[in-house]
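Peer 1: Need coordinates for the following:
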Amino acid sequence: MSHLHDLNSIDDLNKWVAEVANSRNFIIDHIRNVMEANITGTLGRFFGPLRNAQVMRASGNNNDCLIHSFLSCCSSNFRRLKPVANKNAVATMFRRELLPWFVDNGLLNYNKDSLMAREFLDDNLGQALADKFKVNILFVLTAPERGAILKGCRTDEFDTTIVIHGDRTHFTPVKISDHENYLTEVYNAQMAMSTALGNITPENTPRPGSGGFRKTKRRRGGNRKSKKYRRATSN
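Peer 2: Take a look at the predicted model:
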């Protein structure tokens, strides 16, 4: 397995996932996009160049949804793992073995006890992950008591940006476009933040369905959600 000191980028992370999968005989489906049917909604027009980006599902096993979202955005090998139990195993290893090892060796600035436990991880971990793996992170957050929030971690320091959606109880990865693209140019992320911040003021707060987060309607036979379920996502 790659020396842990050498895991310093999302490319390194993708290789690490492949090596873990190989060591445990996990299947990585290189033909079928296993997340294709997992779209839950899209970002609206308030997000400028990121409008219509697809919000995907993520496992909440052991409160690891932020880990699943980060790995899904950064690693094509993780996205293509099957079944979901294998994703859960890799996410658990990443959170409770790899990240604590980084903390112990001064390679990650975060609370080790929080990583080892099963408590919910919040977006503050994004800063540590952004620094470690050299990727900008744009969090699109919605919270009932605080409205909608944009939070950027290292939004212009590195070449690429990932986007993660959340509501303080669950995080999910955001696919930027078709063809399994989860990375966006720094300019697009900055423009998305600028567009959203420019459109949203105390006097011009988006209402459900007005340009924020749009819920994807389920096909006939599934559990349909009410239109009231739609939530606006902005600052």
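
Peer 1: Any stretches of this protein with poor pLDDT?
Peer 2: Applying pLDDT under 70 to the chain picks out residues 1-2, 32-37, 142-150, 153-156, 178-180, 185-190, 193-235.

Peer 1: Now Leu71: which helix or strand?
Peer 2: helix 65-74 (DSSP states H and E).

Peer 1: tell me what that helix is packed against?
Peer 2: helix 10-23, helix 76-79, helix 84-93, helix 125-133, strand 160-166, strand 171-175 (3 or more CB pairs under 8 Å, 6 or more residues apart in numbering; DSSP states H and E). Where C-beta positions appear, they are placed from N, C-alpha and C, glycine not excepted.

Peer 1: Next one: His165 from Asp29, what distance?
Peer 2: 24 Å (CB to CB, to the nearest Å).

Peer 1: So between those two, which is more surrounded?
Peer 2: His165 (25 against 12; other CB atoms under 10 Å).

Peer 1: Contacts made by stretch 92-104 with the rest, please.
Peer 2: Identification of contacts with stretch 92-104 by CB atoms under 8 Å, 6 or more residues apart in numbering yields 4, 7, 16, 20, 61-62, 64, 67, 71, 108-110, 112, 115-116, 121, 132.

Peer 1: Write the PyMOL selection for whichever of these are buried.
Peer 2: Selecting only the buried entries of those in PyMOL, with 16 or more other CB atoms under 10 Å as the criterion:
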select buried, resi 7+16+20+61+64+67+71+108+110+115+121+132
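
Peer 1: returning to that earlier point: would you turn the helices and strands packed on helix 65-74 into JSON lines with distance to Arg57?
Peer 2: Formatted as JSON lines, these follow (distance: least, CB to CB, whole Å):
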{"stretch": "helix 10-23", "distance to Arg57": "19"}
{"stretch": "helix 76-79", "distance to Arg57": "11"}
{"stretch": "helix 84-93", "distance to Arg57": "10"}
{"stretch": "helix 125-133", "distance to Arg57": "19"}
{"stretch": "strand 160-166", "distance to Arg57": "11"}
{"stretch": "strand 171-175", "distance to Arg57": "6"}
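
Peer 1: which one of these lies closest to Asn181?
Peer 2: strand 171-175 (6.7 Å; CB to CB).

Peer 1: Give the partner strands of the closest one in its sheet and their orientations.
Peer 2: strand 54-56 (antiparallel), strand 160-166 (antiparallel) (DSSP bridges).

Peer 1: hey, which of those strands is tucked in deepest?
Peer 2: strand 160-166 (a mean of 25; mean count of other CB atoms under 10 Å).

Peer 1: Would you mind getting the angle between that one and helix 10-23?
Peer 2: Inter-element angle recorded for strand 160-166 and helix 10-23: 70 degrees (by axes from the mean of the first three to the mean of the last three CA atoms, to 10 degrees).

Peer 1: in terms of contact, does Pro173 touch Ala53 like I think?
Peer 2: No: the pair Pro173 / Ala53 is not scored as a contact, 10.2 Å apart, by CB atoms under 8 Å.
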